[in-house]
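In: Next come a sequence and a model predicted from it.
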Amino acid sequence: MKILVSDNLAESGVEKLRKVQQFEVDVKTGLTPDELRGIIKDYDGLVIRSATKVTRDIIDAADNLKVVARAGIGLDNVDVEAASKRGIVVMNTPEGNIVTTAEHAIAMILALSRSIPQATNSIKSGKWEKKRFMGREVFNKVLGIIGMGRIGRIVADRAKGLKMNVIAFDPYISSEVLESSGIEAVALDDLLTRSDYITVHTPMTPETRDILNAKAFKKMKEGVFVINCARGGIVNEQDLHDAIRAGIVAGAALDVFAQEPPKDNPLLALDSVIATPHLGASTDEAQENVAIAVADQVIDFLVRGTIRNAVNAPNIDGAVLARLRPYLKLSEKLGSVLTQITRGAIQKVSIEYIGEVASMETQPLTYSILKGMLTPIMGDMVNFVNVPVLARERNIKVTESVRSEAEDFTNLIGIHVKTSEEENLVAGSFFGKKDPRMVRINDFRLEAALEGHLLLIYNIDTPGTIGAIGTCLGKHHINISMMDVGQVLERGQNIIFLRTDTPVPGHVKEELLAMDNVNVVQAIEL
Ligand SMILES: NC(=O)c1ccc[n+]([C@@H]2O[C@H](COP(=O)([O-])OP(=O)(O)OC[C@H]3O[C@@H](n4cnc5c(N)ncnc54)[C@H](O)[C@@H]3O)[C@@H](O)[C@H]2O)c1
Ligand SMILES: O=C(O)[C@H](O)COP(=O)(O)O
């Protein structure tokens with residue numbers, strides 16, 4: 001397998017990858033988009049930081065790519081949607097650089113407060129300007145943090161050590177959680193009006209883009225300091241420039257920019273702006289952490305099939321995967337049966353996990369069901385990574401519920417599907433520990449092994465019909481290896497479920513369907 005490392009990765013990570021016998025590792029940094037597009041088709045894995053832009057164009061050319069692995073956090077340089085559609089796993093290393101980045105934000109707060117970069121320049125140019133660089137204490141000042149995730153929380157903790165009063169806005173974390181760690185949870189407007197320092201630690205999303213804009217700056221205290229060590233564009237650069245010129249913002253510390261490297265950015269001409277070239281994660285410790293983590297994750301995935309820290313696939317540990325494997329098989333087969341017996345466009349899938357399975361990680365099972373359902377329609381391109389995207393594109397609503405007490409089975413997975421034309425339900429369990437069985441189709445209870453060539457026939461319950469079906473199949477040299485018969489009371493019909501040694505060709509199905517009393521003939525291939 002070929003691995004391309006296209007950004008600067010600490011040597012320890014590269015070494016780790018190189019030690020894997022199955023891997024051939026190339027390190028090629030500074031590639032242009034055209035150069036990367038030209039070579040990417042040869043690679044199974046791509047390891048990046050923030051410099052490589054993994055656009056749709058690159059993904060389209062990546063015929064063999066199985067994983068894009070980011071040594072670091074932000075994935076705004078990766079078209080995750082395009083990768084998902086091609087079944088490429090996208091993963092990051094969310095923990096390795098958080099302390100380092102939080103420390104950078106704290107360093108920025110202190111550097112701003114005491115004009116350390118400006119004073120350094122001054123003294124190096126031979127001046128001694130004690131009066132010009134009068135600073136400000138951070139003690140007792142209000143620090144407003146927007147985004148209280150992994151980094152925001154560490155910033156809060158360190159700032160409390162400096163005896164700052166920390167207030168925070170994060171609409172996705174309950175105020176009880178924040179307040180239990182001694183942080184006052186506030187509304188955004190409240191944060192804007194009360195803070196002496198405002199630091200952003202959110203991801204870049206449509207909602208956070210420009211969260212600090214002209215309207216927000218108008219609400220701020222005069223003399224506020226603004227820090228951005230998250231992503232360029234969360235703070236609107238033009239509006240920040242105007243707010244500094246208007247005297248609202250006393251200074252800003254920027255590690256990230258809307259365009260990187262910045263080109264003719266007027267903020268960099270302002271004396272009260274201090275800046276670093278996206279150095280938030282740049283310490284030996286953090287780079288070592290993310291390089292080792294990314295190498296381990298790529299090895300785990302490509303060599304052992306274990307997915308960790310993927311943003312577009314359920315994280316499955318090898319051991320958990322082994323435990324889930326029979327359930328994954330059962331789920332996929334049941335999904336496939338449902339699609340093959342149900343006409344119309346799938347609108348809603350309701351899944352119930354009952355018994356022991358309810359205590360397991362069910363998301364992979366749900367993906368497996370959807371994969372089983374969509375494969376008969378879309379073919380082999382459906383996989384774990386793209387299946388949620390494909391389901392979403394088709395407007396399929398998926399609901400999951402769990403129930404711990406099972407009635408007749410230790411484990412039961414029930415799936416109800418509603419399409420534009422009809423509704424059907426199947427349920428499955430195990431015979432022994434691992435043998436998947438379908439135990440229900442709508443109200444009909446059965447025990448059918450989920451493999452081979454299956455035939456589902458609805459007929460009016462009259463003597464001789466079953467015999468006639470057997471005769472018809474025999475005439476075409478099709479051997480029946482299993483048969484289950486039951487009644488579907490609400491349809492006033494019999495249901496016959498049989499397995500044959502060979503597939504039932506279309507013309508034989510037509511012949512069966514033409515028989516008196518036979519209403520529906522559905523072939524299922526598993
Ligand atoms: N400068 C650097 O080198 C560097 C290094 C690492 C991470 N980062 C960036 O730092 C940022 C934070 O990383 P993290 O690991 O802490 O992420 P995280 O996912 O752990 O936390 C982000 C937090 O933002 C919150 N959030 C989302 N939308 C919000 C909104 N509209 N308003 C307020 N809060 C909102 C989320 O609820 C979450 O708690 C990311 O943008 C990441 O890319 C930069
Ligand atoms: O999201 C991240 O992890 C940081 O922005 C670090 O980016 P870098 O790996 O390019 O330094």
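Out: Happy to help now that I have it. The structure presented is a predicted model; accordingly, all values stated were derived computationally and were not measured. Ligands and ions are numbered 1, 2, ... in the order given.
In: pLDDT weak spots in this structure?
Out: Within the chain, the ranges that satisfy pLDDT under 70 run 406, 489-492.
In: Now the element after the lengthiest helix in it, going C-ward?
Out: When the chain is parsed with DSSP state H, its longest helix is helix 318-341. Beyond helix 318-341 on the C-terminal side, the first helix or strand identified by DSSP states H and E is strand 346-355.
In: Summarise which helices and strands that next one is packed against.
Out: The contact analysis (3 or more CB pairs under 8 Å, 6 or more residues apart in numbering; DSSP states H and E) places strand 346-355 against helix 363-378, strand 397-403, strand 411-419. To be clear about C-beta, it is placed using only N, CA and C from the backbone, and glycine gets the same treatment.
In: List just the one of the ones you listed that sits closest to residue 486.
Out: Closest approach to residue 486 among these (CB to CB): strand 411-419, 17.5 Å.
In: isn't residue 31 right next to residue 37, touching?
Out: No - between residue 31 and residue 37 no contact is recorded; they are 9.2 Å apart, counting by CB atoms under 8 Å.
In: Which stretches in the stretch 151-300 of the chain count as strands?
Out: Shown for the stretch 151-300 of the chain, the strands assigned by DSSP state E, counting those that start in this stretch span residues 165-169, 184-185, 197-200, 224-228, 249-254, 273-275.
In: In TSV, list the helices and strands packed on strand 346-355 along with distance to residue 24 and mean neighbour count.
Out: Output for those, formatted as TSV (distance: least, CB to CB, whole Å; neighbours: other CB atoms under 10 Å):
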stretch	distance to residue 24	mean neighbour count
helix 363-378	30	22
strand 397-403	40	13
strand 411-419	41	21
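In: Only the C-alpha atoms, please, for the longest helix of the chain, written as CSV.
Out: Backbone C-alpha positions of helix 318-341 (Å, rounded to 0.1, in the frame of the first residue of the first chain) are rendered in CSV as follows:
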residue,chain,number,x,y,z
GLY,A,318,-10.9,-3.9,16.4
ALA,A,319,-12.2,-5.8,19.5
VAL,A,320,-15.6,-4.1,19.3
LEU,A,321,-15.7,-4.8,15.6
ALA,A,322,-15.1,-8.5,16.3
ARG,A,323,-18.0,-8.5,18.7
LEU,A,324,-20.3,-6.6,16.3
ARG,A,325,-19.4,-8.6,13.2
PRO,A,326,-22.3,-11.2,13.4
TYR,A,327,-24.7,-8.3,14.0
LEU,A,328,-23.3,-6.3,11.1
LYS,A,329,-23.9,-9.3,8.9
LEU,A,330,-27.4,-9.8,10.2
SER,A,331,-28.2,-6.1,9.8
GLU,A,332,-26.9,-5.9,6.3
LYS,A,333,-28.8,-9.0,5.1
LEU,A,334,-32.1,-7.8,6.7
GLY,A,335,-31.6,-4.4,5.0
SER,A,336,-31.1,-6.1,1.7
VAL,A,337,-34.2,-8.3,2.1
LEU,A,338,-36.3,-5.3,2.8
THR,A,339,-35.3,-3.5,-0.3
GLN,A,340,-35.8,-6.5,-2.4
ILE,A,341,-39.3,-7.1,-1.2
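In: List, one by one, the residues from the protein near ligand 2.
Out: For the chain, the residues in contact with ligand 2 under the definition CB under 6 Å from any ligand atom are 49, 50, 72, 73, 74, 97, 278, 280, 281, 282.
In: make it 5 Å
Out: Within reach of ligand 2 by CB under 5 Å from any ligand atom, the chain has these residues: 49, 50, 72, 73, 74, 281.
In: how about the first one, what does it touch?
Out: Spelled out, that is residue 49. Residue 49 is in contact with 7, 8, 9, 70, 71, 72, counting by CB atoms under 8 Å, 6 or more residues apart in numbering.
In: These: which two are farthest apart?
Out: Pairwise distances among those were taken by CB to CB; the largest, 13.0 Å, belongs to 8 and 70.
In: who's more crowded, the two?
Out: Under the criterion of other CB atoms under 10 Å, the comparison of residue 8 against residue 70 puts residue 70 first, with 27 against 16.
In: From ligand 1, how far off is the more buried one?
Out: Between residue 70 and ligand 1 the distance is 10 Å, computed by CB to the nearest ligand atom, to the nearest Å.
In: residue contacts, the closest residue to that residue other than its chain neighbours?
Out: Nearest residue to residue 70 in three dimensions, chain neighbours excluded: residue 92, at 4.2 Å (CB to CB, 6 or more residues apart in numbering). Applying CB under 8 Å, 6+ apart, we find residue 92 in contact with 69, 70, 72, 73, 74, 75, 309, 311.
In: ok, those residues vs residue 342, which is closest?
Out: Using CB to CB as the measure, the one of the contacts of residue 92 that approaches residue 342 most closely is residue 311, at 31.9 Å.
In: circling back to that earlier point, tabulate the strands of the stretch 151-300 of the chain (JSON lines), appending mean neighbour count.
Out: As requested, the strands of the stretch 151-300 of the chain are exported to JSON lines (neighbours: other CB atoms under 10 Å):
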{"stretch": "strand 165-169", "mean neighbour count": "22"}
{"stretch": "strand 184-185", "mean neighbour count": "18"}
{"stretch": "strand 197-200", "mean neighbour count": "26"}
{"stretch": "strand 224-228", "mean neighbour count": "26"}
{"stretch": "strand 249-254", "mean neighbour count": "24"}
{"stretch": "strand 273-275", "mean neighbour count": "21"}
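In: List the beta-bridge partners for the closest residue to ligand 1 within the stretch 401-526 of the chain.
Out: Closest approach between the stretch 401-526 of the chain and ligand 1, counting by CB to the nearest ligand atom: residue 402, at 25.8 Å. Applying DSSP bridges to residue 402 yields these beta-bridge partners: residue 353.
In: Output the residue of the stretch 201-350 of the chain whose distance to ligand 1 is smallest.
Out: Distances from the stretch 201-350 of the chain to ligand 1, computed as CB to the nearest ligand atom, single out residue 280 as the nearest residue at 2.4 Å.
In: same question, the chain
Out: Across the chain, the shortest distance to ligand 1 (CB to the nearest ligand atom) belongs to residue 149, at 1.6 Å.
In: mind checking how far the residue nearest to that residue when sequence neighbours are not counted is from ligand 2?
Out: When the adjacent residues along the chain are set aside, residue 149 lies closest to residue 201, with 6.4 Å between them (CB to CB, 6+ apart). Note on residue 201: its distance to ligand 2, by CB to the nearest ligand atom, is 11 Å.
In: Does residue 201 touch residue 231 like I think?
Out: No - judged on CB under 8 Å, residue 201 makes no contact with residue 231 at a distance of 9.8 Å.
In: Looking at the two, which one has more neighbours?
Out: Each of residue 201 and residue 231 had its neighbours counted (other CB under 10 Å), and the higher figure belongs to residue 201 (28 against 25).
In: wait, what's in contact with the more buried one?
Out: Under the criterion of CB under 8 Å, 6+ apart, the contact partners of residue 201 comprise 105, 145, 146, 147, 148, 149, 151, 152, 155, 229, 230.
In: Now the residue nearest to the fifth one when sequence neighbours are not counted: phi and psi?
Out: Right, residue 148. In space, not counting the residues next to it along the chain, residue 148 is nearest to residue 170; the distance is 4.0 Å by CB to CB, 6+ apart. Here the main-chain torsion angles of residue 170 (degrees, to the nearest 10) amount to phi -150, psi 100.
In: Now for residue 170, how many residues are close by?
Out: 22.
In: do the one 3 residues further on as well
Out: When counting by other CB under 10 Å, one arrives at 17 neighbours for residue 173.
In: residues in contact with it?
Out: Residues in contact with residue 173 (CB under 8 Å, 6+ apart) are 148, 185.
In: Now do it against ligand 2, distance only.
Out: Relative to ligand 2, residue 173 is positioned 20 Å away (criterion: CB to the nearest ligand atom).
In: swap in residue 374?
Out: With CB to the nearest ligand atom as the criterion, residue 374 and ligand 2 are 33 Å apart.
In: And residue 45, by the same measure?
Out: In this view, residue 45 and ligand 2 are 17 Å apart by CB to the nearest ligand atom.
In: Could you give the bridge partners of that residue?
Out: In this structure, residue 45 bridges to residue 3, residue 67 when assessed by DSSP bridges.
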